[in-house]
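> let's see this in three dimensions:
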Amino acid sequence: MKRILLMVLKLLGHVPVWFWRICSFAKDTEEQRYSIEEKYNYIREIAIKANKAGRVTIVSSGEENLPEEDGYILYPNHQGMFDVLAFLETMKRPFSLVFKQEVKDIILLKQIREALHYIPMDRSDMKQSMKVILEASNRVKAGENFLIFAEGTRSRNGNETLPFKAGAFKAATRAKAPIVPVALLDSYAPFDRSTTEPVTVQIHYMKPMYYEEYAGMKTT
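Sure, this is the predicted structure:
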């Protein structure tokens with residue numbers, strides 16, 4: 001929380017304008033005055049400035065491994081609330097996100113969710129979860145990129161991962177989409193540690209698995 005407060009205090013003069021603009025993006029559902037690229041690039045710039053204000057450095061590698069054509073799914077480990085900010089800084093192309101329903105109505109997160117068409121998932125409701133997976137796979141087929149956390153929930157053990165959830169990969173198998181493994185290191189540190197000391201987060205995009213490589217495998 002200390003680092004979030006630091007970000008807000010340093011950028012306080014910009015926050016009202018940013019929030020107003022993101023709210024206008026969120027309401028732009030039928031008129032479509034803004035393209036998804038415009039919305040994404042604006043929010044991405046805010047994320048980059050917030051990371052800098054919060055004294056967080058992102059070290060990334062492997063962007064050249066991302067498929068040239070859109071319509072792929074990123075599968076990272078999940079360390080904490082900061083993870084998405086690391087992706088926003090390093091991903092130049094828009095992506096959507098499957099995330100837990102519990103945070104869908106938090107102010108600002110709600111507006112960003114609506115602007116970028118992120119999908120909340122109720123992990124306690126199997127039927128709703130399957131609808132989310134189906135929606136994600138259909139949107140990937142249509143050429144959108146998605147981010148789905150392979151563990152299903154965040155690890156609270158530093159850089160140790162939890163077992164991957166088989167259901168997380170159903171969207172990829174349904175869409176026959178490239179799977180891009182992503183490794184996050186120390187992404188828990190910015191928000192889970194009660195400090196504002198400078199921190200470095202690593203994000204590594206690895207070589208994708210194309211459908212031909214995993215077609216015969218079960219999601220487990």
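> for the chain, what spans make up the helices?
Here the chain has its helices, by DSSP state H, at 2-10, 15-27, 36-53, 83-90, 109-116, 126-141, 170-175, 189-192, 211-214.
> who wins for proximity to residue 202 among the ones you listed?
If you check each of these against residue 202 by CB to CB, helix 83-90 wins as the nearest, at 8.6 Å. For every residue, glycine as well, the C-beta is placed using N, CA and C.
> how about residue 2, nearest residue that isn't a chain neighbour?
With sequence-adjacent residues excluded and distances taken as CB to CB, 6 or more residues apart in numbering, residue 2 is closest to residue 196, at 5.2 Å.
> from residue 97, how far out is the one you found?
Per CB to CB, to the nearest Å, residue 196 is found 27 Å from residue 97.
> please list all residues in contact with residue 176.
Applying CB atoms under 8 Å, 6 or more residues apart in numbering to residue 176 gives the contacts 141, 211, 215.
> quick one, which of the helices of the chain is packed in tightest?
helix 83-90 (a mean of 23; mean count of other CB atoms under 10 Å).
> in terms of secondary structure, what does that one contact?
Counting by 3 or more CB pairs under 8 Å, 6 or more residues apart in numbering; DSSP states H and E, the packing neighbours recorded for helix 83-90 are helix 36-53, strand 56-61, strand 73-76, strand 199-205.
> pretty sure residue 100 is touching residue 123, no?
Yes. Contact criterion CB atoms under 8 Å: residue 100 and residue 123 qualify, at 6.4 Å.
> common neighbours of those two, please.
By CB under 8 Å, 6+ apart, the residues touching both residue 100 and residue 123 are residue 153.
> residue ranges with poor pLDDT in the protein?
Filtered on pLDDT under 70, the chain yields the residue ranges 30-31.
> and the gap between the residue positioned nearest the centre of the chain and residue 131?
Nearest to the mean C-alpha position of the chain, counting by CA atoms, centre = their mean, stands residue 84 at 4.1 Å. Distance, residue 84 to residue 131, by CB to CB: 22 Å.
> please name the residues that touch the residue nearest to residue 200 when sequence neighbours are not counted.
If the residues on either side of it in the chain are set aside, residue 200 comes closest to residue 57, at 4.7 Å by CB to CB, 6+ apart. Residue 57 is in contact with 51, 198-201, counting by CB under 8 Å, 6+ apart.
> closest one of those residues to residue 73?
Set against residue 73, the nearest of the contacts of residue 57 by CB to CB is residue 201 (21.4 Å).
> residues contacting that closest one?
With CB under 8 Å, 6+ apart, residue 201 has these contacts: 56-59, 82, 86, 184-187, 189-190.
> before we move on, back to that, tell me the one of the contacts of residue 57 nearest residue 178?
residue 201 (24.4 Å).
> give me the neighbour count for residue 81.
Residue 81 has 16 neighbours, counted by other CB atoms under 10 Å.
> got phi/psi on it?
Note on residue 81: backbone dihedrals following degrees, to the nearest 10 are phi -60, psi -20.
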